[in-house]
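Participant: I need the structure of the sequence given here:
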Amino acid sequence: MDAITKIRNRARQDLKTVILPEYYDKRVIEAVKIIEKEGLAKPLLFTKEMVDPKEKDRYIGMYYEMHKAKDVSLDDVKKLFEDTLYYAAMMTREGKVDGLVAGAAHTTPDMARAAIRCLGVNDRITIVSSCFIMGVPNSPYGDEGTFVFADCGIIPEPNARQLACIALSVSEMAGKVLGMNPRIAFLSYSTKGSARTKVAERISDALRQLKEMAPDLLADGELQVDSAIVPEVAKIKYPDSPVGGRANCLIFPNLEAGNIGYKLVQRLGNARAVGPLFLGLNKPASDLSRGCLVEDVVDCVAVTAIRAQ
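Facilitator: Below is the predicted model of the structure:
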């Protein structure tokens with residue numbers, strides 16, 4: 001069973017309400033019809049007519065109180081809430097809906113700001129990052145072609161602590177959404193000291209910190225990608241790796257590598273890329289690429305619904 005089928009089946013088990021504030025986007029409108037038809041979630045296509053003026057004023061006041069120390073003016077906040085995105089995010093914060101999906105008509109920075117400022121950062125994870133679920137057809141690697149790639153959208157140059165937190169967030173998401181036994185690989189252009197660089201030292205430190213956070217988690221690094229996912233190469237380059245060339249969760253050293261990596265696999269490998277899925281928030285939220293297809297919206301809603309279960 002491929003990753004998308006698994007996701008959709010899991011979403012149906014306990015229907016959750018997911019709000020989509022980009023009511024004017026044709027892809028989102030079509031996706032809502034499919035979600036309802038297939039029974040994947042309870043999608044709420046949230047329009048401006050649904051805004052309660054009293055609730056809007058309350059949300060504006062609440063948001064202003066939360067962020068006024070950051071030199072945010074009340075007029076600035078009022079402008080933000082002219083868009084249904086922030087109203088929807090505050091509804092998600094309060095539990096009036098179970099999750100948030102947007103980004104078809106908003107940039108990732110805009111979507112990330114709304115999600116982080118309205119939903120808040122999980123105290124245990126301490127950072128917000130993002131990941132993609134990648135389904136690679138006819139691939140023997142990962143979990144029958146299923147991988148999780150991170151971070152591909154938020155943190156430009158993660159330090160060791162941030163890399164460890166990204167890996168922990170990914171492992172928990174992979175287990176819940178995919179039923180996957182996560183096998184983490186911190187990627188680099190060297191394998192276990194074949195090149196002595198500051199990046200390798202940072203990854204080694206990240207692995208150490210991850211082991212302190214989650215001692216039982218299967219993880220290794222730094223690893224070249226072939227050492228991480230190809231067992232035959234792992235036996236040659238690093239036969240003692242606990243991951244053994246069977247990694248299914250790939251942690252990239254920086255945002256450039258992560259973004260380039262997922263797009264190469266998506267386009268050249270004809271892979272399905274579900275995401276970016278935000279990690280480390282208090283409530284589940286997913287971004288959409290502005291170039292997304294209808295099926296991408298459907299799958300992001302299904303994943304968000306599972307994370308809310």
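Participant: contacts and neighbour counts: CA atoms only from here.
Facilitator: OK.
Participant: which residue ranges form the helices in the stretch 151-300 of the chain?
Facilitator: Using DSSP state H, counting those that start in this stretch, the helices of the stretch 151-300 of the chain run over 160-178, 198-213, 225-229, 231-237, 255-268, 294-308.
Participant: for the longest one, name the packing helices and strands.
Facilitator: Under the contact criterion of 3 or more CA pairs under 8 Å, 6 or more residues apart in numbering; DSSP states H and E, the helices and strands touching helix 160-178 comprise helix 3-12, strand 146-150, strand 183-187, helix 198-213, strand 249-251, strand 272-279, helix 294-308.
Participant: those: which one's closest to D220?
Facilitator: strand 183-187 (5.2 Å; CA to CA).
Participant: quick check: angle from that closest one to helix 160-178?
Facilitator: Counting by axes from the mean of the first three to the mean of the last three CA atoms, to 10 degrees, strand 183-187 lies at 140 degrees to helix 160-178.
Participant: thinking again about what came up before, nearest to G280, out of the helices of the stretch 151-300 of the chain?
Facilitator: helix 160-178 (6.6 Å).
Participant: got the contact list for the closest one?
Facilitator: For helix 160-178, the external contacting residues (CA atoms under 8 Å, 6 or more residues apart in numbering) are 3, 6-7, 10, 125-127, 129, 131, 148, 150-151, 180-184, 202-203, 205-207, 209-210, 213-214, 249, 251, 253, 279-280, 303, 306-307.
Participant: pull out the buried residues from those residues.
Facilitator: Buried by 16 or more other CA atoms under 10 Å: 3, 7, 10, 125, 127, 129, 131, 148, 150-151, 180-184, 202-203, 205-207, 209-210, 249, 251, 253, 279-280, 303, 306-307, out of those.
Participant: surely L80 touches A89?
Facilitator: No - in this structure L80 lies outside contact range of A89 using CA atoms under 8 Å: 11.5 Å.
Participant: in terms of neighbours, single out the busier of those two.
Facilitator: Using other CA atoms under 10 Å as the criterion, L80 and A89 rank with A89 on top: 29 against 15.
Participant: wasn't that one part of a helix?
Facilitator: Yes - applying DSSP: H, G, I helix; E, B strand; the rest coil, one finds A89 inside a helix.
Participant: K198 versus that one, what's the distance?
Facilitator: 39 Å (CA to CA, to the nearest Å).
Participant: also C152?
Facilitator: Counting by CA to CA, the gap from C152 to K198 is 21 Å.
Participant: compare these two (neighbour count), which wins?
Facilitator: C152 (26 against 9).
Participant: shouldn't the more buried one be in contact with Y262?
Facilitator: Yes - under the criterion of CA under 8 Å, C152 makes contact with Y262 at 7.4 Å.
Participant: between those two, which contacts overlap?
Facilitator: Common contact partners of C152 and Y262 (CA under 8 Å, 6+ apart): F132.
Participant: any weak-confidence spans in the stretch 201-309 of the chain?
Facilitator: Applying pLDDT under 70 to the stretch 201-309 of the chain flags no residue at all.
Participant: how is this structure divided into domains?
Facilitator: What the record gives for the chain is the domain set 1-120+281-309, 127-278, from automatic domain parsing.
Participant: and those domains, which is most packed in?
Facilitator: domain 127-278 (a mean of 20; mean count of other CA atoms under 10 Å).
Participant: distance between the ends of that one?
Facilitator: 10 Å.
Participant: could I get the CA-only coordinates of stretch 227-237 as CSV?
Facilitator: Only the C-alpha atoms of stretch 227-237 are listed here, as CSV (Å, rounded to 0.1, in the frame of the first residue of the first chain):
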residue,chain,number,x,y,z
SER,A,227,25.2,5.7,2.6
ALA,A,228,21.9,6.6,4.3
ILE,A,229,19.4,4.9,1.9
VAL,A,230,21.3,2.2,0.0
PRO,A,231,22.2,-0.9,2.1
GLU,A,232,24.9,-2.1,-0.3
VAL,A,233,26.7,1.3,-0.2
ALA,A,234,26.3,1.5,3.6
LYS,A,235,28.1,-1.9,3.9
ILE,A,236,31.1,-0.4,2.1
LYS,A,237,31.2,3.1,3.4
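Participant: name the residues that touch that stretch?
Facilitator: For stretch 227-237, the surrounding residues in contact (CA under 8 Å, 6+ apart) are 141-142, 185, 187, 191, 226, 238, 241, 243-248.
Participant: go again using 7 Å as the cut-off
Facilitator: Contacts to stretch 227-237, defined as CA atoms under 7 Å, 6 or more residues apart in numbering, come from residues Y141, G142, A185, D226, G244, G245, R246, A247.
Participant: so D57 versus Y23, what's the distance?
Facilitator: 21 Å.
Participant: ditto for A247
Facilitator: Per CA to CA, A247 is found 39 Å from Y23.
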